[in-house]
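S.K.: coords please:
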Amino acid sequence: MQKRRRGRPPLTPEQKLARQKAKIASLAEKKKKPRLTKKADQREETVTISKSTQFLLTPSGKCPVPLFGNDKEAITVWARQFYNTTTKGALHTRQSVEYWLRDFFSVHSEEHKIAVQNLKEACQEIGIKDYQPHLNKIYEKVTKEIEDNKQKCNTDV
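M.R.: Predicted structure coming up:
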């Protein structure tokens with residue numbers, strides 16, 4: 001008994017020559033036609049963002065650094081610890097550090113007002129960004145758009 005061969009039967013020399021001619025013809029056709037691929041189309045549509053920085057305005061959770069007073073020196077040391085211990089891609093702003101003052105002082109107390117004033121000075125020395133000017137610009141832009149939309153609605157009626 002003969003062993004049965006697995007797979008396709010071997011090609012004859014004529015069949016091999018016919019396949020080679022067909023392959024050459026198909027390659028020649030491909031060279032003639034301009035080819036658009038999906039990948040090229042997708043590359044144009046995708047937008048990549050690299051090295052973006054988040055500015056924290058309202059942090060979550062309890063304050064990770066203890067505060068030992070509301071004088072300028074204590075506030076400066078406390079704020080510097082936040083500046084040195086930020087997560088990758090995120091920076092604390094003066095507003096986020098000020099938010100955590102609520103854990104240590106009552107919001108309407110005189111101590112809190114003194115601590116906020118000392119924090120503003122400390123943030124300028126350390127280099128913690130004050131995001132308030134940027135927030136004011138956004139607020140002005142939004143209120144202007146609202147007023148413009150109101151005027152358009154009133155003129156349309």
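
S.K.: Just give me the longest helix of this protein.
M.R.: Identified as the longest helix of the chain according to DSSP state H is helix 132-156.

S.K.: Residues touching it, excluding its own?
M.R.: Contact partners of helix 132-156, identified using Cβ atoms under 8 Å, 6 or more residues apart in numbering, comprise Arg94, Gln95. For every residue, glycine as well, the C-beta is placed using N, CA and C.

S.K.: In this protein, where is pLDDT below threshold?
M.R.: Filtered on pLDDT under 70, the chain yields the residue ranges 1-2, 5, 32-51, 86-87, 156-157.

S.K.: Okay, strands next: where are they in it?
M.R.: Per DSSP state E, the chain carries strands over the ranges 54-56, 90-92.

S.K.: ranking these by burial, who's on top?
M.R.: Most buried of the strands of the chain by mean neighbour count (mean count of other Cβ atoms under 10 Å) is strand 90-92; its value is a mean of 17.

S.K.: Okay, now the sheet partners of it, with direction.
M.R.: strand 54-56 (parallel) (DSSP bridges).

S.K.: Distance from the partner strand to the middle of the chain?
M.R.: Centre-to-centre, strand 54-56 and its host chain are 10 Å apart (Cα atoms, centre = their mean, to the nearest Å).

S.K.: burial measure for Leu67, as a count.
M.R.: Counted by other Cβ atoms under 10 Å, the residues lying close to Leu67 total 18.

S.K.: For the most centrally placed residue in the chain, list the residues it contacts.
M.R.: The residue lying closest to the centre of the chain (Cα atoms, centre = their mean) is Ser52, at 5.2 Å. Taking Cβ under 8 Å, 6+ apart, we find Ser52 in contact with Gly89.

S.K.: looking at the strands of the chain, which is closest to Val65?
M.R.: Ranking the strands of the chain by distance to Val65, with Cβ to Cβ as the measure, places strand 90-92 first at 10.7 Å.

S.K.: I'd say Ala90 and Leu56 touch.
M.R.: Yes. Because the distance of 5.7 Å satisfies Cβ atoms under 8 Å, Ala90 is recorded as touching Leu56.
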